[in-house]
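got a sequence here, can you model it:
(2 chains)
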Amino acid sequence: MLRFEKRDKTPVQLRVLVPICSVLLGLFMGSVVMLFARVNPLRAYGAIIKGAFGSAYTFSETLVIAVPLILISAGLCLVYRMKFFNIGAKGQYIIGAICGSYLALFGPATMSRPLLLTLMMVLGTLGGALWAIIPALLKVYWNVNEVIATLLLNYIASYILWFFMYGTWGTRGFPLSKNFALNAQLPRILPSPSRLHIGLFFGLAAAVIVWIIIRKTRFGYEARVLGENERAARYAGINVFKTVIIAAVISGGLAGLAGIAHTSAVLRVLQLEINSDYGYTAIIAAWLAGLDPLVAVGISVLLAALEAGGYQIQIVMRVPFGIVGVIESSILFCLLAGEIVTHYRVTLTRRLAA
Amino acid sequence: MNPTFGSILIKVLAGAVQSGTILLLPTLGEVLTERSGVLNLGLEGLMLIGAFFGFLGAMKTGNPYIGLLLGMAAAAAAAAIHAFICVTLRGNQTVTGLALTIFGTGLTSFYGDSWVSQRLTTAIKPMAIPGLSQIPVVGPILFSQDLIVYAGYILVALFWFLLFKTKVGVNLRAVGENAKAADAMGVNVVGTRYFWTILGGALAGAGGAYITCCIHPYWLNGITSGKGWIAVALVVFAMWNPFNSLLGAFLFGSIEALQLQLQAAGTYINSALLSMLPYIATFLVIIVATLIVRVRHVGTPKELGIPYAREEK
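Residues are numbered from 1 along each chain as shown, chains lettered A, B, ... in the order given. Next up, the predicted model:
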């Protein structure tokens, strides 16, 4: 029988050990799945590492993927702390991309580049925030389950993108917009062919700012109290409505910013596939980082490496990209299972005394 | 009534019953899982696992019914992961369910890649019930279907009876309402939660396998296209009652059948907007249902999503 004793404090080494073991076990489970499909896991992982870190160019491509993950996971670290489970980053990312692209495609052509880009980023951020405020209001006023609401909004956002791309925004019947003019392209920071862009600095700034909000401000303190005990938070005079809504706006806004930054700097065109699944990957990043936005930066780079490597093995070894989802979810399973030892002292006894 | 219009309507409604059954099976399973106090948000992943392994089983054995059972078994095994993490290890049920969805999506698109667009030659065929299928209007809609649809009807009645009229149902509800009290009464809390979580997984798998072994007998990555999430929402709509699940599932089946007919009829309504329809409807329904549940105080198991820790007094 297993016996659980509640811990008062989690030892620091466990906080580090559990995520590391989860990653290793997740990679192991990925290998088992690969073996069933007669794929050599050592070769696959070798190719993933090479595809992610093999050269300066491949590493910059890894960072291209890390940028949206860093932005989105920073916001998720904040909302998840107050137990508002926003899993709608995908939809917020899409709406952000649509709102910002509107200006890129139909805005005044004479506008100066810094002004146009600033307005695009602001509009994208607002779009993502708007898409997050809907489920937040429904949650605080009517207690509508935010997981289901945000998820359904992901599907609705995808079809809104479809609507525009197959409608007036597409070109000659193809679901592909015209190319963004140079003025509407967010600058890249390394020489071609690297696509790494200044969104990286937005991401790093967002992670630092959210870290400061959580650690050093009254709002962050209230958010943490709210997450631990909602009733206590209300007694302490914390405005639960306001706190949840502000956090949702921040997380939605960052997802929207990620959407428009990636579209404007990397894709330079609006299309059906704008890599919005980063919205799901970022959830794993935030959780794996223990909801610490600075740790999430590092985790985002690691998950980005897995994704970049995943694209590579699909092309080079014809290993389907689905394996990335298997590995990511296995890591998450192990982490969730491992949380038992951070919360409880687990001992094996012969028989539990009732 | 114009005979051609009547016959079209009957065809649409018969299609609605089929689409409704895809949603009914996972919804029913989740009603029971949540009644035991376990929230499983991984239905979408479980349905995909059921759909793929059901399809694979049917391809390999040539028998779609064996395929369906294999799909159910695979999804039940995946649901056991959820039960282990959430019941034994007291993990966060929301995030575990999400992980399950990512897992199901990844696993089936990994193994399914080489099966994309292959077709099943022996899909599940309809079997009209003699006598009942002769009833005008109702017969062709409800009783000229396949065995899985009929199994859906029977399960609704069976689970309703089980939940509200038997000792098993009393215990199941007690575990979801107040695990400590149930434990004191001698009910096996852990065992109950495991059983209904795994059974709920098997039913989600059945819903997925019903798609690939009968309605769309081919494999595509992500073939369930969000139906698992609609089922999660339908549980709230059903207020955790098996009979209401039937109403909800068939209502949403009708929306889907209507959408398909409109799509086939002409292109003057934008297809993106039509495809959005079920998700918009679900979104509105979840809001209304939540408000009703709040006013009438029915349904929601009190300890839904809360792990049971015996030693904590």
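
and the residue of chain A nearest chain B?
Proximity of chain A to chain B (CB to the nearest CB) peaks at A:Gly325, 2.2 Å away. C-beta here means a position set from N, CA and C on the backbone, and glycine is covered the same way.

so where does the residue of chain B found nearest chain A fall, helix or strand?
The nearest approach of chain B to chain A comes at B:Gly106, 2.2 Å away (CB to the nearest CB). B:Gly106 is part of helix B:93-112, with elements assigned from DSSP states H and E.

buried stuff in the following helix or strand past that helix?
For helix B:93-112, the succeeding helix or strand toward the C-terminus, using DSSP H and E, is helix B:138-142. Within helix B:138-142, the residues that count as buried by 16 or more other CB atoms under 10 Å in any protein chain shown are B:Gly139, B:Pro140, B:Ile141, B:Leu142.

list just the nearest of those to A:Leu200.
Lowest distance from A:Leu200 to the buried residues of helix B:138-142 (CB to CB) belongs to B:Ile141, with 58.2 Å.

now do that closest one against B:Thr197, distance only.
34 Å (CB to CB, to the nearest Å).

for the helix ranked longest in chain B, what does the pLDDT average out to?
Longest helix in chain B by number of residues (criterion: DSSP state H): helix B:3-35. Helix B:3-35 shows a mean pLDDT of 91.

what packs against that helix?
Under the contact definition 3 or more CB pairs under 8 Å, 6 or more residues apart in numbering or on different chains; DSSP states H and E, helix B:3-35 sits against helix B:43-61, helix B:138-142, helix B:147-165, helix B:167-177, helix B:189-210, helix B:227-237, helix B:242-265.

in JSON lines: these, plus mean pLDDT.
Listed next are the helices and strands packed on helix B:3-35 as JSON lines, based on pLDDT from 0 to 100:
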{"stretch": "helix B:43-61", "mean pLDDT": "97"}
{"stretch": "helix B:138-142", "mean pLDDT": "88"}
{"stretch": "helix B:147-165", "mean pLDDT": "96"}
{"stretch": "helix B:167-177", "mean pLDDT": "93"}
{"stretch": "helix B:189-210", "mean pLDDT": "97"}
{"stretch": "helix B:227-237", "mean pLDDT": "94"}
{"stretch": "helix B:242-265", "mean pLDDT": "88"}
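
and of the ones you listed, who's closest to B:Thr101?
Closest approach to B:Thr101 among the helices and strands packed on helix B:3-35 (CB to CB): helix B:43-61, 3.8 Å.

contact residues of the stretch 151-300 of chain B facing chain A?
Contacts of the stretch 151-300 of chain B with chain A, taken as CB under 8 Å from any CB of the partner chain, map to B:221, B:226, B:229, B:232-233, B:236, B:270-273, B:275-276, B:279-280, B:282-283, B:286-287, B:290-291, B:294.

narrow these to those in helices?
Using DSSP H, these in helices are B:229, B:232-233, B:236, B:271-273, B:275-276, B:279-280, B:282-283, B:286-287, B:290-291, B:294.

still on that earlier bit, quick one: the longest helix of chain B to chain centroid distance?
11 Å (CA atoms, centre = their mean, to the nearest Å).

same deal with stretch B:47-55?
Relative to its chain's centre, stretch B:47-55 lies at 13 Å (CA atoms, centre = their mean).

quick one: name the residues of the stretch 251-354 of chain A near chain B.
A:280, A:283-284, A:287, A:320-330, A:332-333, A:336-337, A:339-340, A:343-344.

which residues touch the residue of chain B closest to chain A?
Shown in contact with B:Gly106 (CB atoms under 8 Å, 6 or more residues apart in numbering or on different chains): A:Gly322, A:Ile323, A:Val324, A:Gly325, A:Val326, A:Ile327, A:Glu328, A:Ser329.

quick one: the residues you listed as JSON lines, columns for secondary structure and pLDDT too.
Formatted as JSON lines, those follow (DSSP: H, G, I helix; E, B strand; the rest coil; pLDDT from 0 to 100):
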{"residue": "A:Gly322", "secondary structure": "helix", "pLDDT": "94"}
{"residue": "A:Ile323", "secondary structure": "helix", "pLDDT": "95"}
{"residue": "A:Val324", "secondary structure": "helix", "pLDDT": "95"}
{"residue": "A:Gly325", "secondary structure": "helix", "pLDDT": "95"}
{"residue": "A:Val326", "secondary structure": "helix", "pLDDT": "96"}
{"residue": "A:Ile327", "secondary structure": "helix", "pLDDT": "95"}
{"residue": "A:Glu328", "secondary structure": "helix", "pLDDT": "94"}
{"residue": "A:Ser329", "secondary structure": "helix", "pLDDT": "95"}
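
can I get those residues in TSV including neighbour count and distance to B:Arg119?
Below are these laid out as TSV (neighbours: other CB atoms under 10 Å in any protein chain shown; distance: CB to CB, whole Å):
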residue	neighbour count	distance to B:Arg119
A:Gly322	21	21
A:Ile323	28	25
A:Val324	27	28
A:Gly325	27	25
A:Val326	26	26
A:Ile327	26	31
A:Glu328	26	31
A:Ser329	29	29
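
rewinding a little: B:Asp113: which of the helices and strands packed on helix B:3-35 is closest?
Nearest of the helices and strands packed on helix B:3-35 to B:Asp113, taken as CB to CB: helix B:43-61 at 10.6 Å.

now the element after the closest one, going C-ward?
helix B:64-83.

which parts of that next one are buried?
By 16+ other CB under 10 Å, the buried positions in helix B:64-83 come out as B:64-65, B:67-79, B:81-83.

and that helix with helix B:93-112, angle?
Helix B:64-83 and helix B:93-112 are oriented at 140 degrees to each other (axes from the mean of the first three to the mean of the last three CA atoms, to 10 degrees).

buried ones in stretch B:296-305?
B:Gly299, B:Thr300, B:Pro301, B:Glu303, B:Leu304.

could you dump stretch B:298-310 to PDB, C-alpha only?
Provided in PDB are the C-alpha atoms of stretch B:298-310 (Å, rounded to 0.1, in the frame of the first residue of the first chain):
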ATOM      1  CA  VAL B 298     -29.200  20.400 -10.000                       C
ATOM      2  CA  GLY B 299     -26.700  18.000 -11.300                       C
ATOM      3  CA  THR B 300     -23.100  19.000 -10.700                       C
ATOM      4  CA  PRO B 301     -21.500  16.400  -8.500                       C
ATOM      5  CA  LYS B 302     -20.200  18.400  -5.500                       C
ATOM      6  CA  GLU B 303     -16.800  16.900  -5.500                       C
ATOM      7  CA  LEU B 304     -16.200  16.900  -9.200                       C
ATOM      8  CA  GLY B 305     -12.500  17.400  -9.900                       C
ATOM      9  CA  ILE B 306     -11.500  17.100  -6.300                       C
ATOM     10  CA  PRO B 307      -9.200  14.200  -5.400                       C
ATOM     11  CA  TYR B 308     -10.100  12.100  -2.400                       C
ATOM     12  CA  ALA B 309      -7.400  12.000   0.300                       C
ATOM     13  CA  ARG B 310      -8.400   9.600   3.000                       C
END
